[in-house]
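> Here you go, sequence then predicted model.
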Amino acid sequence: MKKNNQEDMLEKMREIALQHPNNIQIIETSVDSEIQIEFFGALQRVSDMEEEFDIKALYNELICEETAIERKKDILAMLTTAGEVESFRLLEDYLKNANDDIKTWAFLACQQGRMLLESRLLEESKIYIASGLGGRGHKLRYVFAFVSLDGTYDDYQKNIIIGEIEYFLKKNEGEIEKTEFVQEFTLCTVLVPLYVNLIDLIQKIVEEINQYGGFLRENVFITNEKPVQIEDLQKIFN
């Protein structure tokens, strides 16, 4: 089967993460993915502008109440791409008092500005990856939703599920952050290294758990975009 561009990119990312994990930096935020896409689009747009920015003048325009919100977004992107100590400090100051309508952008600008500054000072090239649930280091955060075949879990089944998930994650340098049993669902929030093949990992977990009585469905819901709602899962699996 022919791979699409997204699969090719993911495979290349896995290779880089496996060979040079320190070159991968997951952005540690749970900001909505659509806002992140808009923000990184603005970064790309201002990066293509062939002009020098007056950092102090931009900041004065940013803090002016009369400046339009869309202009403020562009200014935040400009200050982010500047990659200077001065611009980063100004972003930090602005974030402290930013209004709610621009605070998320200020947060992303401050976070990304720190990463770009560190890369420049350390003279290291890094790949930055953003997702709706964020992550840490070179690990992405996911929510797995496993489903009981009969709609309930007893204590024995819960212990098996938690034990097998912990075993396979530890084996792959992953981490469990939280596990919840809600109705027929097991919701597990985890950190998984980018180089790990997630589908293979999930299949092994389900196969091993089902060695102890076959009480889980083979279908598993996986997301790294946003927190999971039980109502949405019920619609999906029904």
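On my side now, so go ahead.
> average model confidence for stretch 219-235?
Average pLDDT, stretch 219-235: 90.
> what's it in contact with?
Stretch 219-235 has contacts (Cβ atoms under 8 Å, 6 or more residues apart in numbering) with 30, 32-33, 131-133, 135, 140-147, 182-183, 185, 187, 198, 202, 206, 236-237. For the C-beta atoms, the positions are set from N, CA and C on the backbone; glycine is no exception.
> Could you do stretch 94-106 as well?
31-32, 35, 39, 59, 62-63, 69, 72-73, 76, 91, 107, 109-110.
> what about Ile209, neighbour count?
By other Cβ atoms under 10 Å, 21 other residues sit near Ile209.
> and if you look at Ile26?
As a measure of burial, Ile26 has 22 neighbours, counting by other Cβ under 10 Å.
> And it, how far from Thr67?
From Ile26 across to Thr67, the span is 32 Å (Cβ to Cβ, to the nearest Å).
> Report the helix or strand with the lowest average pLDDT across this structure.
helix 5-19 (a mean of 60; mean pLDDT, DSSP states H and E).
> Would you mind measuring from the residue in the chain sticking out farthest from the centre to Lys158?
Distance to the chain centre peaks in the chain at Gly213, reaching 34.4 Å (criterion: Cα atoms, centre = their mean). Relative to Lys158, Gly213 is positioned 13 Å away (Cβ to Cβ).
> again, but for Asn97
Plainly put, Asn97 is 46 Å away from Lys158 if you go by Cβ to Cβ.
> who's more crowded, these two?
Lys158 (13 against 9).
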